[in-house]
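Trainee: got a predicted structure plus its sequence, pasted below:
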Amino acid sequence: MEILETVYAWFSGEHLATDATLLTAGNPQGPVFWLDGVAGTGKSTIAQTVANHYHQTEQLGASFFCSRDSADCSNVGLVFQTIAFQLSAFNSAFGERVSEAMARDTYLQSALPSMQLEKLIIQPLEDVVCKQGFPPCIIVIDALDECKDENTTSMILIALSYFAASGRFSPVKFFITSRPVTHVIDGFHGLG
């Protein structure tokens, strides 16, 4: 319950106490919240609960639940494509911008995840925010460490770090869970 309350407070922009029982580090007001823990500690249950909560409040922009048991759910090349598709359903103006981006750059489906993040999420989001606004929402990515390509997983996190530091996610926030494995920790290095 304490973890869920912390996630909900973070999403709503409340001040997070760093001296509480639950250890938090980094920027407690940042656009990315990473929940780490060893296997079997309930991270996926928490991610599903968070996704369900924000689905009920109509603030779930997208979710991607990674699983090494599924080819599609362990394919890092599908993470941002899936998120862009779901955000398009969340906001029709965003969907129009994504369609325009796909029409301009037909190679985006096979592009590096960092380029997909920029072209399919960041640029359409910025355009919609500037022209008409975009409702606050959360994107849930569960078990990111279960994607098969460790190098590309690190690239996803480095790209998220870059765009988080530049403030280009507003008003979207990312909630990510994973085990504290080296390639994930290295990818999160620099997230503020």
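Mentor: That came through, no problem. Numbering: from 1, shown residues only.

Trainee: can you tell me what sits against the one helix or strand Ile46 maps to?
Mentor: If you go by DSSP states H and E, Ile46 is part of helix 43-56. By Cβ atoms under 8 Å, 6 or more residues apart in numbering, the residues outside helix 43-56 that reach it are 3-4, 7-8, 11, 35-37, 60, 63, 65, 137-138, 140, 142-143, 175, 177-179. Using the backbone N, CA and C atoms, a C-beta is placed for each residue, glycine as well.

Trainee: now, which of the residues you listed lie within helices?
Mentor: 3-4, 7-8, 11 (DSSP state H).

Trainee: assign the closest residue to Asn91 other than its chain neighbours to helix, strand or coil.
Mentor: Sequence neighbours aside, Phe134 is the residue nearest to Asn91 in space, at 6.1 Å (criterion: Cβ to Cβ, 6 or more residues apart in numbering). At Phe134 the chain is in coil, as set by DSSP: H, G, I helix; E, B strand; the rest coil.

Trainee: ok so, going back, need the buried ones from the contacts of helix 43-56 selected in PyMOL.
Mentor: To isolate the buried members of these in PyMOL, using 16 or more other Cβ atoms under 10 Å:
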select buried, resi 7+11+35+36+60+63+65+137+138+140+142+143+175+177+178+179
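
Trainee: what about the contacts of helix 43-56, which are in strands?
Mentor: Those of those mapping onto strands are 35-36, 60, 63, 65, 137-138, 140, 142, 175, 177-178, per DSSP state E.

Trainee: circling back to that earlier point, and the residue nearest to Asn91, how many neighbours?
Mentor: 22 (other Cβ atoms under 10 Å).

Trainee: numbering from 34 from now on, please.
Mentor: Got it, first residue is 34 now, which makes that one Phe167.

Trainee: that one reaches Arg130, doesn't it?
Mentor: No - contact criterion Cβ atoms under 8 Å: Phe167 and Arg130 do not qualify, at 10.5 Å.

Trainee: per-residue confidence for Ser77?
Mentor: pLDDT, Ser77: 90.

Trainee: the one 4 residues further on now?
Mentor: At Gln81 the predicted local distance difference test score is 96.

Trainee: from Glu91, how far out is it?
Mentor: 17 Å (Cβ to Cβ, to the nearest Å).

Trainee: which one of these two is surrounded by more residues?
Mentor: Neighbours were counted for Gln81 and for Glu91 using other Cβ under 10 Å; Gln81 has more, 15 against 9.

Trainee: and Ala144, what does it touch?
Mentor: Contacts of Ala144 (Cβ under 8 Å, 6+ apart): 138, 152.
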